[in-house]
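1. let's see this in three dimensions:
(chains A and B)
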There are 2 protein chains.
Amino acid sequence: MRARRIVQHWLTLNGDGPLQLQLVRALRAAILRGELSPGQRLPSTRTLARELHISRTTSQHAYEQLLTEGYLEARQGSATRVASTVGPLPDASHEPALPSSRELSAYGRRLAEGPFGYPYRSFAEMDLARFELLYGLPDHRAFPLDAWRRALADAARHATPRALSYGEPEGNASLRRAIARHALSTRGVRCHPDQILVVAGVQQGLALIARLLLDSGDRVLLEEPGYLGARAVLASSGADLVPVPIDGQGMDIEAVPKRARARAKLVYVTPSHQFPTGEILSLSRRQMLLSWAAEHDAYIFEDDYDGELRYEGRPLESLHALDRQQCVIFAGTFSKTLFPSLRIGYIVLPSSLIDVARAAKWTSDWSCPNLEQVALTSFIESGDFARHLRRSRLRYASKRRVLLEELARALDGVPHSVGGSAAGLHVVLWLPKASPREIARIVARARALEVGVYPIAPYYLGEPRSGLLIGYGLLDEASLREAIRRLGRAILTR
Amino acid sequence: MRARRIVQHWLTLNGDGPLQLQLVRALRAAILRGELSPGQRLPSTRTLARELHISRTTSQHAYEQLLTEGYLEARQGSATRVASTVGPLPDASHEPALPSSRELSAYGRRLAEGPFGYPYRSFAEMDLARFELLYGLPDHRAFPLDAWRRALADAARHATPRALSYGEPEGNASLRRAIARHALSTRGVRCHPDQILVVAGVQQGLALIARLLLDSGDRVLLEEPGYLGARAVLASSGADLVPVPIDGQGMDIEAVPKRARARAKLVYVTPSHQFPTGEILSLSRRQMLLSWAAEHDAYIFEDDYDGELRYEGRPLESLHALDRQQCVIFAGTFSKTLFPSLRIGYIVLPSSLIDVARAAKWTSDWSCPNLEQVALTSFIESGDFARHLRRSRLRYASKRRVLLEELARALDGVPHSVGGSAAGLHVVLWLPKASPREIARIVARARALEVGVYPIAPYYLGEPRSGLLIGYGLLDEASLREAIRRLGRAILTR
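-> Model prediction:
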């Protein structure tokens, strides 16, 4: 009777996947919801099979899996029972958050108090609009997922014991060689593979460098407006942040009073496509920045954001290529050119920082995952990556043309300008006449028209200018046209 | 003539892979070695094809790839040339290490000066012995690489745009649910998935927690002898390290003078299989540690090292399962149960630390790679993981029996004892009569007999005991027998 009740009340096979797996899932869920309690006796596999109209083998195999996983217990000669150690997972809302008198470190307190701890809704949780113009995301359609899957599967298929074991903190040697060649050919970065540290994206590169260079109170120059991820990591280190204004030539270090920049130890800059304005640091500004850094014993962290996606003219040489004093730390990423959740990037280190940065990487997380490094190496060496880059540039260049065309058409008569269109995956639509309130209204009206668009204001430490960020990575050309038409309506409706 | 010279002198196709790829590699190498210089004119695709006895299409495609990659340049109506921006990679030995007057942070100086920066030869560079008894490595033969490859390939095949994009810093929600269930059923860890932070291995978990809790000068208790990775991260934070002696019941906190442990903010402990002694923290010691921590507002970092590989008796409940005061941070890893270069682990956080730890993970490296998280989720949910764990336990238990048997036989008459054999992947062979010098000689003699074995001494902060670490992860049973026989000879030859 009891057995039948268990089956009738709690076990619903959801029809998804093999029967055995359905049964395992149903039993696991019943245990974890507390419907089957610790020590409770289960029906025999025979009874269960009969009640559920499944084979006895299926019910036996399901029980075996749950025994192995520790959800069930079977003592010799006795019925199978729910293990005495398991029971419902606690409910977050009922979990008492004990008032902790345990203290955080100064770093922990800055993170806990700062507005920079977790400033964005996670993309995974975001409610994307039908016409989503979110910036900073590549076009997933462009990515050769099949080629990547093959590279990954090959890496796993041919994995040696060494490849599965603890790797080198500095990264896989073949990958570092491939990156050195790639950085040289695409960005003029000339370095020995030993200068390369493979990191989990530019964010980790900057976090390691900031920690190695900055004590609380040390001065850092960073772009205004600027990238929140960089601001967060620099602020959490306790550094004194000095914003440097951006104009049409990029970061203007001379606009900062001499006294304020005198003692700076580090400059964070995105010269290829400034985030968020999209401006490109001019050659004369590059030279100015380099001689200033050399003179003041400061390091420059060159975040080569969007450096490989340039549509107009020849890409400028990277700061690294112009550096004669080993003061530039160059950071490259595969987040935009492959996909963001890959989490592989690299930094090119001056020789003085190689050993200490490797030690920092080792103590921080040992190394990056290896099979992905192997896959990336063959992806680069086979030419798949170069092909993908070339195709991506063509695709984005074409979308960008559509975007600029449609913006001009949709905003005819509205005072506006478009910035940052020479490179990257987004532009800025400057609306000089719009108040912050109007910008908020435009964003809300656009959302009502199923268009996702975002103000530039949060990227300013100080007084913001009025503008919207328009990313063209996600949408295809037809949707992009429609998105801009609707955005035009949202702007024109006053 | 010139074209022919280039072909004859510098282009050797190595016969490895498609002809086009061979040609691309050869040209790239010649450019990077400086044999073809920036601006140098290349033979026409026709000449090249003729000289190398390949098709014209092949030479054309190779040039196209190198044009895309930026190694070559072609101006309208003119010959293809080596790009003016590329040239040989610098040679590390000739790279001038500029004496840098730029200062490191206090953290950077500790890392640069400490003996803990990079204390091991990277496994990837190690010269493994034929009979390698290196500890801390699982048996790669046991790992179902095929199942893992399928899980990875499936994750890539079904990747949605969201799966490819920036993920949640705390980790993939499905994986956190799967881990919560797994930790509950195997280790009695009862937690809500929101308490779980997916990290790049226990090393990152500890690095994040240490930074959140410890300022320079703060006191930390850690095991003596103990794990170097933990010691390095704690020492680099500037903490005051207080070693706690290990005896047959594990860490003995009462052996530390009261004054020395009074102000401790954090305890690092490996209760399931202490590294390196292999002792298991007894239940009474667990209770003692927990009440001490609660009373002193200290956190306990429970590194569940080898917790899932227990061969004798029932595993003890984790500290986390016994904790009523939310002072335990539980850390689990897949490095030993899957493979080390996967770099996925997790920490279970008290509610007071959830938000700040997520912020720390975000600023440190944004999140762990996502496709691997998806693959791991399905690997756990399909039952593949539980099956693999069960088989691994049987395999290791059998190897352990062989090891203990052979040790007893090989060391008959030698004063010795074997510690730490109830769990994990290594034992300690204590040789109380052997001086440090004799231990060094034994290690050298073993190496001469093609056996890799390692002293326990480096894991002590203070005076070391005499012993050898013997890992039985790597070798199969027959090789293990032979390894121990040879080790016996190395020990008996005096």
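2. drop to CA atoms for contacts and neighbour counts, all remaining ones
-> OK.
3. give me the helices and strands touching the helix or strand harbouring residue A:268, please.
-> Secondary structure assignment for residue A:268, by DSSP states H and E: strand A:266-269. On a contact count with 3 or more C-alpha pairs under 8 Å, 6 or more residues apart in numbering or on different chains; DSSP states H and E, strand A:266-269 meets strand A:219-224, strand A:299-303.
4. ok, then the element right after the first one?
-> Going back to what we said before, that points to strand A:219-224. For strand A:219-224, the succeeding helix or strand toward the C-terminus, using DSSP H and E, is helix A:228-236.
5. contacts (any at all) between chain B and that next one?
-> Yes - Helix A:228-236 lies within reach of chain B by C-alpha under 8 Å from any C-alpha of the partner chain, at A:229, A:232, A:233.
6. return the member of the residues you listed nearest to chain B.
-> Proximity of the residues of helix A:228-236 next to chain B to chain B was ranked by C-alpha to the nearest C-alpha; the top entry is residue A:233 with 5.3 Å.
7. helix or strand for the closest residue to the closest one other than its chain neighbours, which one?
-> Take residue A:233 and drop its neighbours on the chain: the residue closest to it by C-alpha to C-alpha, 6 or more residues apart in numbering or on different chains is residue B:363, 5.3 Å away. Using DSSP H and E, residue B:363 maps to helix B:354-365.
8. which of the residues of helix A:228-236 next to chain B sits closest to residue B:439?
-> residue A:233 (46.7 Å; C-alpha to C-alpha).
9. the closest one touches residue B:364, doesn't it?
-> Yes - counting by C-alpha atoms under 8 Å, residue B:364 is a contact partner of residue A:233 at 7.4 Å.
10. mutual contacts of the two, please.
-> residue A:207 (C-alpha atoms under 8 Å, 6 or more residues apart in numbering or on different chains).
11. is it possible to export the helices and strands packed on strand A:266-269 to CSV including mean pLDDT and mean neighbour count?
-> Conversion of the helices and strands packed on strand A:266-269 to CSV gives the following (pLDDT from 0 to 100; neighbours: other C-alpha atoms under 10 Å in any protein chain shown):
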stretch, mean pLDDT, mean neighbour count
strand A:219-224, 97, 24
strand A:299-303, 97, 25
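12. so which of the ones you listed is nearest chain B?
-> Closest among the helices and strands packed on strand A:266-269, using C-alpha to the nearest C-alpha: strand A:299-303, at 7.8 Å.
13. coming back round to it: most neighbours among the residues of helix A:228-236 next to chain B, please name it.
-> Counting neighbours by other C-alpha atoms under 10 Å in any protein chain shown, residue A:233 comes out on top of the residues of helix A:228-236 next to chain B with 27 neighbours.
14. does stretch A:106-114 reach chain B?
-> Yes - using C-alpha under 8 Å from any C-alpha, stretch A:106-114 reaches chain B at A:106, A:107, A:108, A:109, A:111, A:112.
15. what's near enough to touch the first one?
-> Residues counted as contacts of residue A:106 (C-alpha under 8 Å, 6+ apart) are B:212, B:215.
16. next one: phi and psi at it?
-> Taking degrees, to the nearest 10, you get phi -60, psi -40 for the backbone angles of residue A:106.
17. do residue A:428 as well
-> Per degrees, to the nearest 10, the backbone of residue A:428 is at phi -110, psi 130.
18. just checking, it touches residue A:419?
-> Yes - using C-alpha under 8 Å, residue A:428 is in contact with residue A:419, at 5.0 Å.
19. separation between residue A:162 and chain B?
-> 6 Å (C-alpha to the nearest C-alpha, to the nearest Å).
20. that residue: neighbour count?
-> Neighbours of residue A:162 (other C-alpha under 10 Å): 16.
21. likewise for the one 3 residues further on?
-> Burial of residue A:165 is recorded as 24 neighbouring residues (other C-alpha under 10 Å).
22. I'd assumed residue B:137 was in contact with it.
-> Yes - the pair residue A:165 / residue B:137 is scored as a contact, 7.2 Å apart, by C-alpha under 8 Å.
23. got any residues that touch both of these two?
-> Shared contacts of residue A:165 and residue B:137 (C-alpha under 8 Å, 6+ apart): residue B:340.
24. give the rounded mean pLDDT of the strand holding residue A:268.
-> Averaging pLDDT along strand A:266-269 yields 98.
25. which element follows it toward the C-terminus?
-> The helix or strand immediately downstream of strand A:266-269 is helix A:283-295, counting by DSSP H and E.
26. please identify the buried residues of that following helix?
-> A:283, A:285, A:286, A:289, A:290, A:291, A:292, A:293, A:294 (16 or more other C-alpha atoms under 10 Å in any protein chain shown).
27. so what secondary structure elements neighbour that helix?
-> Secondary-structure packing of helix A:283-295 (3+ C-alpha pairs under 8 Å, 6+ apart): helix A:319-322.
28. using CSV, list the CA coordinates for the helix it packs on.
-> Extracted in CSV, the C-alpha atoms of helix A:319-322 (Å, rounded to 0.1, in the frame of the first residue of the first chain):
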residue,chain,number,x,y,z
LEU,A,319,51.1,51.3,-27.7
HIS,A,320,53.1,48.2,-27.1
ALA,A,321,54.6,48.4,-30.6
LEU,A,322,55.7,52.0,-29.9
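29. let me see the mean pLDDT of that helix.
-> 93.
30. what does that helix contact?
-> Helix A:319-322 has contacts (C-alpha under 8 Å, 6+ apart) with A:187, A:188, A:189, A:190, A:271, A:286, A:287, A:290, A:302, A:328, A:329, A:330.
31. can you redo these as JSON lines with distance to residue A:64?
-> Listed next are these as JSON lines, based on distance: C-alpha to C-alpha, whole Å:
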{"residue": "A:187", "distance to residue A:64": "56"}
{"residue": "A:188", "distance to residue A:64": "59"}
{"residue": "A:189", "distance to residue A:64": "57"}
{"residue": "A:190", "distance to residue A:64": "58"}
{"residue": "A:271", "distance to residue A:64": "59"}
{"residue": "A:286", "distance to residue A:64": "66"}
{"residue": "A:287", "distance to residue A:64": "69"}
{"residue": "A:290", "distance to residue A:64": "66"}
{"residue": "A:302", "distance to residue A:64": "55"}
{"residue": "A:328", "distance to residue A:64": "59"}
{"residue": "A:329", "distance to residue A:64": "55"}
{"residue": "A:330", "distance to residue A:64": "54"}
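32. all set now, cheers.
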